[in-house]
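1. generate coordinates for the sequence data below:
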Amino acid sequence: MSFTMRFVVRTVGVMTVAGAALVTVSLTNESVVRAQSPQITAAPKVRLPDESTGIDGIARTLITAFDQFDILALGEAHGRKLDSDLRIAVVRHPDFAKKVRFIVVEFGSTTAQPILDSYIRGEDVPRTQLEQVWKTTTQGANLDSRFFIDFFAAVRDVNSKLSADRRIRVFGGDPGPGDTRSRDGAAVSILKEQVLLKHGKALVIYGAAHFYRAEVGQVLRSVGGGIAKTLEAEYPGRTFAVIPVGGRTELPPGVHLNIKPDLQKFDRALNTPVRPVLVSLQRPPFRDLTAEEFLGYQMLNCRGPGGCVSAFKGSSLTLGQMADACVYVGGSEQANSP
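-> Numbering: from 1, shown residues only. This is a model prediction of the structure:
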């Protein structure tokens, strides 16, 4: 079976259709899409403001989440500036380094860790050498490095103002050459060994689908089980999963879905016109909105005579079952900050 996913997961192969990044994931059982029996981990109880607005407001709230959780799983839409700006705002917040010592990123190779460590410590690392951090990941040939460089530089700058014993360490979580672990399995191993078993705290940055709490077909199994789902099973209540919702919803040429996200359902339920806005997915009406409607256009099954269909087609999964909170950006990638 072949699945095509737009920006949320990077796995076996990547192709470009009309400028949209498409990812093909090889699966085996076609029936799982049409008759899903999802395994869902219970979402932890989360105390959040009703609405946190703008990049800085969202960053402040995410920092406070570390008072309740050890792992902040911040999902991204690959290659989007808004997501880059948000994670940089989080690490630059003055309280971040007071609470967090570790970051794990999808855009870093496990085998290039010594190079990444040297750069984050502030040592002189030639650009060609630094590029090995992302070029030796399983997705290296397909990655746009612009936002990675900005993020690593931001952490390096934050560390330059900290004493050696308070500096933040960034781990590459994607298996590099010779690392036989699955993509999610490598990240989970790092988080268990370096963070959870040592009672530390970590920010984790991956494509949003890695943090889904429920399986969609075999997608989570194809990348190693899902990071948030696996951690919740072994360390319940210690991970806070945030995913993006909204933004541009264009589909590849020739692809037509029966359902399109009605973002007015979000807009009508919000008091603020500012975008982006962080909202809990554990309160109505957001909790009960269907994943098929609001996430389905990002994950396509394009095998079969009927053309591409959503991998969520026919699923009863809700947004509240997929994650703990979302960064809602409205109908555009560009947010209207206050």
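
2. spit out the contact partners of I120.
-> Counting by C-beta atoms under 8 Å, 6 or more residues apart in numbering, I120 touches 152, 155-156, 159, 167-170. (Glycine included, C-beta is placed from N, CA and C.)

3. please apply the same query to S118.
-> V125.

4. just to be sure, it is in a helix?
-> Yes. Membership of S118 in a helix is supported by DSSP: H, G, I helix; E, B strand; the rest coil.

5. hmm, what's the outermost residue in the protein?
-> P305 (31.7 Å; C-alpha atoms, centre = their mean).

6. separation between it and L251?
-> Separation of P305 from L251 (C-beta to C-beta, to the nearest Å): 18 Å.

7. need the three-state assignment for the residue farthest from the centre of the chain.
-> coil.

8. what ranges does the stretch 151-300 of the chain have for its helices?
-> For the stretch 151-300 of the chain, the helices defined by DSSP state H, counting those that start in this stretch occupy 183-190, 219-223, 227-234, 264-269, 291-294.

9. can you add mean neighbour count and give the ones you listed back as a markdown table?
-> A markdown table is the format used below for the helices of the stretch 151-300 of the chain (neighbours: other C-beta atoms under 10 Å):
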| stretch | mean neighbour count |
| --- | --- |
| helix 183-190 | 23 |
| helix 219-223 | 22 |
| helix 227-234 | 22 |
| helix 264-269 | 14 |
| helix 291-294 | 23 |
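
10. ok so, going back, quick one: pLDDT of the residue farthest from the centre of the chain?
-> Looking at P305, its pLDDT stands at 75.

11. check P253 too.
-> On pLDDT, P253 comes in at 81.

12. and for it, the neighbour number?
-> 8 (other C-beta atoms under 10 Å).

13. can you start the count at 21 instead of 1 from here on
-> Okay, residue one is now 21; in that scheme the one you just asked about reads as P273.

14. check which helix or strand covers the residue positioned nearest the centre of the chain.
-> By C-alpha atoms, centre = their mean, the chain has its centre lying nearest to G95, at 2.0 Å. Using DSSP states H and E, G95 sits within strand 91-96.

15. chain center to that strand: distance?
-> Relative to its parent chain, strand 91-96 has a centroid offset of 6 Å by C-alpha atoms, centre = their mean, to the nearest Å.

16. helix or strand right after that strand?
-> As assigned by DSSP H and E, the chain's next helix or strand after strand 91-96 is helix 101-112.

17. from V262, how far off is L309?
-> According to C-beta to C-beta, L309 stands 16 Å off from V262.

18. let me redo that: I108
-> Separation of I108 from V262 (C-beta to C-beta): 16 Å.

19. neighbour-wise, which of these two wins?
-> Taking neighbours as other C-beta under 10 Å, I108 and V262 compare with V262 leading, 25 against 20.

20. what sits closest to the more buried one if chain neighbours are left out?
-> Of all residues not flanking V262 in the chain, A345 sits nearest, at 4.8 Å (C-beta to C-beta, 6 or more residues apart in numbering).

21. now the strands for the stretch 21-170 of the chain?
-> Remark: strands assigned in the stretch 21-170 of the chain by DSSP state E, counting those that start in this stretch are 22-26, 33-37, 40-46, 72-73, 91-96, 122-129.

22. lowest average pLDDT across the ones you listed?
-> When the strands of the stretch 21-170 of the chain are ranked by mean pLDDT, strand 33-37 comes last with a mean of 27.

23. before we move on, back to that, with adjacent residues omitted, what lies nearest to the residue nearest to the centre of the chain?
-> In space, and not counting its chain neighbours, G95 is closest to A228: 3.1 Å by C-beta to C-beta, 6+ apart.

24. let me see the contact set for the one you found.
-> Applying C-beta under 8 Å, 6+ apart, we find A228 in contact with 28, 95-97, 263-264, 343.

25. what is the most widely separated pair among these?
-> A97 and A343 (13.6 Å; C-beta to C-beta).

26. so which of the two has more stuff around it?
-> Set A97 next to A343 and count neighbours by other C-beta under 10 Å: A343 wins out with 27 against 23.
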